[in-house]
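*Asks:* below are the sequence and a predicted model for it; my questions follow.
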Amino acid sequence: MKKALFYIVSLFVFGLVLAACQPQTVEVTRVVTETEEVEVTRVVTETVVEEGEEVEVTRVVEVPAESEVITIEYWQYFFDARVDAMNRLIQQFEAENPDVRVIHNSDIPYADFRDKIAASAPANVGPDVATLFYGWIPAWVDAGYLIPLPEEVYTREEIAEQFSPMVLQSELDGEFWAVPTAVRTLALFWNKDLFEAAGLDPEQPPTNLDELVEMAQLLTEYDDAGNILIQGFPVAPPGQAHHWFREVLVRQYGGVPYSEDNRTVLYNSPEGCEAFTYMVQFETELNTGSNDLFEDATQAFLQGKSAIHIDGSFRIGSIATNAPDLNYGVIELPVTNDIQSTFGSYWTHGITRKAAEDPARLDASIRFLKFITTAESGAIWVDKVGELPAQLTAAADEDLLADPILGPFAAGLPYANATFFVDESEQRQVIIDAYDAVRLTDADPCEALNEAAEREQALLDEFWADR
């Protein structure tokens, strides 16, 4: 991680890029005041610096003429921590690659992001490199938004060797279409102050599914009319609960969500029915909370109105920004039948058809994609966003594993499962609808789940019909 510090180059260089009329050479220096081992190219000598010692590291950067600068666009939806992290990476990339300027479009609301991409791609405008949820890859490939990753980015062997195993879900039709900076898993968040107020040990969250039921009830607070004031545990299918059901609960009850070839829905097995019944009981029988209260389950936790919350590692960044005083802890997801499981996912980056139409822009896009997916970039992403580095070398960092907040997420990487989505939004919706059928119309959980499986099977059949 120390190597990444070397790449922080003065903004003075960027100013020179903008002002340059002729190619020129500038010297870039930086003072190091902490222990660091410099192991990068374009440095005169390899230097080891003792803590507290000051040393000047000098290298040469070629600054091109303004006419030689290639401009590319990177798009992502607005999420403040991700925007800050990418701004930092872009600043470093431009310092290392002064012939490339990156326009960062991050003002797009999440709800509008896919529509903006869909509108820009046919017009051959928009991003050269874009972020996308890994579950969108099949739809984006079929729509023609992306090109396969060129060999200059990563080969399949490099991806399999260097990245978390879940990244293999970026392969479709025998080619890789995207590669991430970071990955994430699910874990259980708990509010220590609410645990203490309920008479529970604030350092002892639930570690199994039986304890989750017991504690959720003890933590729920009602007014005299029976309205919930403090939620013990609200289940949020529109959030992460649909993942928790498929990849965690189904497996913990002894089933599997899909066939090994991802062509057949299997979560409506007897084991899946038992898992789904377990999940819906928190709202339908135990009355420990609802995603409808306090805006939603995430906001309820940030507001201190919910004691237990299941979410991804990306939530750490938003807690730091929006609820910095929240007294909370994180633990790996509760188990049953001694089975550990978690859902793994990632936002990834792909090169668009627009970039591929210009050799210079494609080359710049390849260099940028390669830069933002290094282990050093992954380490920066951890610090800024709270997600886990996608590169195995960075994810195995001992300090990361020992971190009381990030550590439980990192510990889940070896047993994380990433669902293969053919249409992530529709596959999410079938679980939401099944859940709503039970809680709103008193439908039988198993019958609702069978209907969800039937609808999702139709999606899979349609997708695989031409492959």
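*Replies:* Ah, there it is.
*Asks:* send me the strand or helix carrying residue 452 as PDB with only the CA atoms.
*Replies:* In this structure, residue 452 sits in helix 445-464 according to DSSP states H and E. Listed next in PDB are the C-alpha coordinates belonging to helix 445-464 (Å, rounded to 0.1, in the frame of the first residue of the first chain):
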ATOM      1  CA  PRO A 445     -44.400 -18.400   1.600                       C
ATOM      2  CA  CYS A 446     -43.700 -21.500  -0.400                       C
ATOM      3  CA  GLU A 447     -46.400 -20.700  -3.000                       C
ATOM      4  CA  ALA A 448     -45.000 -17.200  -3.400                       C
ATOM      5  CA  LEU A 449     -41.500 -18.500  -3.800                       C
ATOM      6  CA  ASN A 450     -42.700 -21.000  -6.400                       C
ATOM      7  CA  GLU A 451     -44.200 -18.200  -8.400                       C
ATOM      8  CA  ALA A 452     -41.000 -16.200  -8.100                       C
ATOM      9  CA  ALA A 453     -39.000 -19.100  -9.300                       C
ATOM     10  CA  GLU A 454     -41.300 -19.600 -12.300                       C
ATOM     11  CA  ARG A 455     -40.900 -16.000 -13.300                       C
ATOM     12  CA  GLU A 456     -37.200 -16.100 -12.900                       C
ATOM     13  CA  GLN A 457     -36.900 -19.300 -14.800                       C
ATOM     14  CA  ALA A 458     -38.600 -17.700 -17.800                       C
ATOM     15  CA  LEU A 459     -35.900 -14.900 -17.700                       C
ATOM     16  CA  LEU A 460     -33.100 -17.500 -17.700                       C
ATOM     17  CA  ASP A 461     -34.700 -19.600 -20.500                       C
ATOM     18  CA  GLU A 462     -35.000 -16.500 -22.700                       C
ATOM     19  CA  PHE A 463     -31.400 -15.500 -22.000                       C
ATOM     20  CA  TRP A 464     -29.900 -18.900 -22.700                       C
END
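*Asks:* what's in contact with it?
*Replies:* If you take CB atoms under 8 Å, 6 or more residues apart in numbering as the criterion, helix 445-464 is touched by 138, 262-265, 267-268, 272-273, 276-277, 280, 422-423, 426-427, 430-431, 433-435, 437-438. C-betas here are computed from N, CA, C, even on glycine.
*Asks:* list the buried residues for that helix?
*Replies:* By 16 or more other CB atoms under 10 Å, the buried positions in helix 445-464 come out as 445-446, 448-453, 455-457, 459-460, 463.
*Asks:* now the contacts of helix 445-464: which count as buried?
*Replies:* With neighbours counted by 16+ other CB under 10 Å, the contacts of helix 445-464 contain buried members at 138, 262, 265, 267-268, 272-273, 276-277, 280, 422-423, 427, 430-431, 434-435, 437-438.
*Asks:* take the residues you listed and keep only those in helices.
*Replies:* Among the buried ones among the contacts of helix 445-464, DSSP state H puts 138, 272-273, 276-277, 280, 427, 430-431, 434-435, 437-438 in helices.
*Asks:* so which of these comes closest to residue 125?
*Replies:* Each of those was scored against residue 125 by CB to CB, and residue 138 proved nearest at 23.6 Å.
*Asks:* now the residue nearest the centre of the chain. Its backbone dihedrals?
*Replies:* Against the mean C-alpha coordinate of the chain, by CA atoms, centre = their mean, the closest residue is residue 346 at 4.0 Å. Backbone geometry at residue 346, expressed as degrees, to the nearest 10, gives phi -170, psi 150.
*Asks:* in space, what's closest to residue 389 - neighbours in sequence excluded?
*Replies:* In this structure, residue 389 finds its nearest non-sequential neighbour in residue 378, 2.8 Å apart by CB to CB, 6 or more residues apart in numbering.
*Asks:* what about that neighbour, how many neighbours?
*Replies:* For residue 378, the neighbour count with other CB atoms under 10 Å is 28.
*Asks:* host element of it?
*Replies:* Using DSSP H and E, residue 378 sits in helix 375-385.
*Asks:* and the contacts of the very next helix or strand once past that helix?
*Replies:* Downstream of helix 375-385, the next assigned helix or strand under DSSP H and E is strand 388-389. With contacts defined as CB under 8 Å, 6+ apart, strand 388-389 is touched by 164, 181-185, 313, 375, 378-379, 381-382, 395, 397, 400, 406, 409-410, 413.
*Asks:* ok, stretch 375-385 next?
*Replies:* Outside stretch 375-385, the residues that touch it by CB under 8 Å, 6+ apart are 1, 3-4, 7, 81-82, 84-85, 88-89, 181-182, 314, 316-317, 371, 387-391, 393-395, 397, 400, 406.
*Asks:* give me the subset of those residues lying in helices.
*Replies:* Among these, the ones falling in helices (DSSP H) are 3-4, 81-82, 84-85, 88-89, 316-317, 371, 393-395, 400.
*Asks:* residue 187 belongs to a strand?
*Replies:* Yes: counting by DSSP: H, G, I helix; E, B strand; the rest coil, residue 187 falls inside a strand.
*Asks:* need the pLDDT of the closest residue to residue 361 other than its chain neighbours.
*Replies:* Nearest non-adjacent residue to residue 361, counting by CB to CB, 6+ apart: residue 355, 5.2 Å away. Per-residue pLDDT puts residue 355 at 95.
*Asks:* ok, residue 355 - contacts?
*Replies:* Residue 355 is in contact with 72, 128, 129, 147, 361, 362, 365, counting by CB under 8 Å, 6+ apart.
*Asks:* let me know the closest of the residues you listed to residue 342.
*Replies:* Distance to residue 342 across the contacts of residue 355 (CB to CB) is lowest for residue 129, with 28.9 Å.
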